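[1] Need a 3D model of the sequence below.
(2 chains, ligands or ions: 1)
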Amino acid sequence: MAGIQLLQREGVRVIYPQGQSCCGQPAYNSGHRADALKVARQQVKLFKKDIPIVLPSGSCAGMMFKHYSELFEGDPLEKEATEVANRVFELTEFLVHVLKVDLKDKGEPVKVTWHGSCHSQREMGVREEPKELLRQLESVELQELKREKECCGFGGTFAVRQPEVSAAMVEDKTKDISDTGASAVVSGDCGCLMNITGTLEAKQSRVKGQHIAEFLLERTDEA
Amino acid sequence: MKPEGTFRQRAKEALADKELRGNFRRAMDSLMVKRANQFSDVDEWTRLRSLGEAVRKRTLEKLPDLLEKLETNCKKNGIQVHWAETTDEANQIILAILQRRGAKKVVKGKSMVSEEMHLNAFLGEHGITALEADLGEYIVQLAEQMPSHIIMPAIHLNRRQIADLFKKKIDGFEYTESAVEMTAAAREVLRREFSEADAGLSGVNMAVAETGTIVLVENEGNGRMVTTVPPVHIAVTGIDKIVENLEDVTPILSLLPRSATGQDITTYVNMISSPRKEGEKDGPEEVHLVLLDNGRTRIHADPETRQTLQCIRCGACMNHCPVYTKVGGHAYGGVYPGPIGKILTPQIEGIEPYGDLTSASTLCNACVEICPVKIPIAQMLVRLRNEAATGCPESSVKEAGVKKSTVEDMVWKGWSTSHSSPAAYSMMTAVLGMTGNMMPKSAPMLKEWTSVRAKPKFAKKSLHRMVKKLGVDDE
Ligand code: SF4
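    Predicted coordinates for the structure are as follows:
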């Protein structure tokens, strides 16, 4: 929602195809290609218009950008899928490189930290963009994590297939977050956020987790 | 070999050991920094890495040819070449050489392939003692354990634990936690053994086809001792560790230590090209090269799985793996731990005993990012998961399809049906919005999830509905 509002505020006309569901990554990553393809085909059909496709979650963006061409190999929709992949943008990269936004901070002074998701970093190549946006905000102090690049342990079905290892990973991650002294951890990936905030909540930590779109919108909104 | 229990069980045990977790966290944190410092020049890294990848890919493309060349040129140099299809055959070949020489004692340099063969135990059964001469391997052998890392076998132990071990196992060792003094104590034992050993055994980092040279890198000098002091030197390697010519050696010599330990170069680079020649004062009388297949030909047959064999065994993928840094090497239950182990072990040993290793990854791609020869480890994991779940009999992967589960198939079928039909999807999200929050913590999957996390909250209204209300176009 906040992602759409941010784009609209920059004067972008946003279309949201109501038929969309999921990019197919969960099944693809679990080795169930046929099921992944079935779901992915449905999405490709919906996004045929030749306009940028902006995703507010690095992991989904990475799936479409990096893996669609391979998943659709030999499929009747292969050409369309490759075109879709080429039009995919992760939200913050779109804000920085395409819209070249200039954010005006309206919020109180606050210290936050940033968790970059594995897939937006390593599949989308989005590393500095979100931090650039946070640094545009005058009263926001960004304290980087000691191990910013390390996975939080979500990994989709991994969290339930290997719950103990996943728990140990998110434990290290949330400790790193708490050690920064920030009052909020901002991220661009819904999976990581669900994992991290769920753990912080269970620990009754005072650190809040927030999606970057929401955070940016909240800090810069007129109201 | 079948490992004990599942990865999940072994990982759980490892995680309960706080000291172990601390040891890995500290060691890997420092290794990651050291490697990053080596490759701070992104252009140089990109160039060198592409070169490394190209060398390994070209080698594998021409592998059958190069192996023949290697044999011819080694023989010309006086190195005796032996082929083994299985680990049993390799063990028998080595035993025969040792028995012919009446050898009773062997000193060993680091060799992961000999671990793959369980060579020490095999020789022990035939009355031959094999003593590990690499400091890390020596420690692990004293502790009667397996290596927990392919480059740093004893990295799971800290100084205090090693001091305790030495106190127990080395006669006359005066307790100290000083690394220098402990190393000196081990060296004293090992020096004695080198001079008494009947044969030396080593691994191989690269075998050069055009020149018939065995390249061996190491830091402690034990490799040089093992390959020069005893009268017989036996080198064992997988058939994948070949390069075409001496020029190919240079990028790998640079990538390997810098990726592994963050060193500019290893302390010793041994190039072994023949046994002792007439008039020479040192060197072994016999040099043997044992080339082990153990499933590699099968892995090589498929262009996708073949990429596994690009590996130069630098261990960097372990150092950077968020799973490995938590659970350590023993949890993988095989010879090769970490990301490379997750793709190599199930292919060598089969999906049945080791297929669960492929689920031990979030596909975070940290390994892919740093692998000096660009092995797409995450993509290979997905391929192996696919093979395990659905594999066909002609597959190049050993025991493909054995993890096929009807229940899982049905779950994914249901998922793909609900997610490929807009009507079904909208109904499902509506139902989840209404009832999702009423699910008890003990519900399947939620139970695992809530072990350390609060229950996820399902939105009352789906995003689809909120967006519609906002008036966003649907086209
Ligand atoms: S897979 Fe890559 S990073 Fe891992 S040991 Fe092999 S070469 Fe090194």
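[2] what domains does the record give for chain A?
    A:2-95, A:103-220 (automatic domain parsing).
[3] Same list (these) but as TSV, adding distance to the ligand and mean pLDDT.
    Backbone N, C-alpha and C define where each C-beta goes, glycine included. Formatted as TSV, these follow (distance: least, CB to the nearest ligand atom, whole Å; pLDDT from 0 to 100):
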stretch	distance to the ligand	mean pLDDT
domain A:2-95	19	85
domain A:103-220	15	91
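[4] As JSON lines, these with mean neighbour count and distance to residue B:387 would be great.
    Below are these laid out as JSON lines (neighbours: other CB atoms under 10 Å in any protein chain shown; distance: least, CB to CB, whole Å):
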{"stretch": "domain A:2-95", "mean neighbour count": "20", "distance to residue B:387": "7"}
{"stretch": "domain A:103-220", "mean neighbour count": "20", "distance to residue B:387": "17"}
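[5] can you put those domains in JSON lines and add distance to chain B?
    JSON lines is the format used below for the domains of chain A (distance: least, CB to the nearest CB, whole Å):
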{"stretch": "domain A:2-95", "distance to chain B": "3"}
{"stretch": "domain A:103-220", "distance to chain B": "3"}
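[6] Would you mind measuring from residue A:109 to residue A:142?
    12 Å (CB to CB, to the nearest Å).
[7] Report the contact partners of residue 165.
    No chain in the question, so chain A it is. A:153, B:8, B:11, B:15, B:323, B:326, B:327, B:360 (CB atoms under 8 Å, 6 or more residues apart in numbering or on different chains).
[8] The chain in question should be chain B.
    Contacts of residue B:165 (CB under 8 Å, 6+ apart): B:139, B:142, B:143, B:157.
[9] Residue A:126: which of these is nearest?
    Lowest distance from residue A:126 to the contacts of residue B:165 (CB to CB) belongs to residue B:157, with 39.4 Å.
[10] What is the neighbour count of the closest one?
    Residues lying near residue B:157 (other CB atoms under 10 Å in any protein chain shown) number 21.
[11] ChimeraX command to pick out the buried ones of the contacts of residue B:165?
    The following ChimeraX line selects those of the contacts of residue B:165 that are buried, judged by 16 or more other CB atoms under 10 Å in any protein chain shown:
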select /B:139,142,143,157
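[12] Pull the most distant pair out of the contacts of residue B:165.
    Most distant of the contacts of residue B:165, by CB to CB, are B:142 and B:157, 10.3 Å apart.
[13] so the residue nearest in space to the middle of chain B, which of the three states?
    Geometric centre of chain B, nearest residue: residue B:336, 3.5 Å, by CA atoms, centre = their mean. Of the three states, residue B:336 takes coil according to DSSP: H, G, I helix; E, B strand; the rest coil.
[14] Quick check: it touching residue B:345?
    Yes: using CB atoms under 8 Å, residue B:336 makes contact with residue B:345 at a distance of 5.5 Å.
[15] Could you pull out the helices in chain A for me?
    A:2-9, A:25-29, A:33-46, A:58-62, A:68-71, A:78-86, A:91-93, A:118-122, A:129-136, A:158-161, A:163-179, A:190-202, A:212-220 (DSSP state H).
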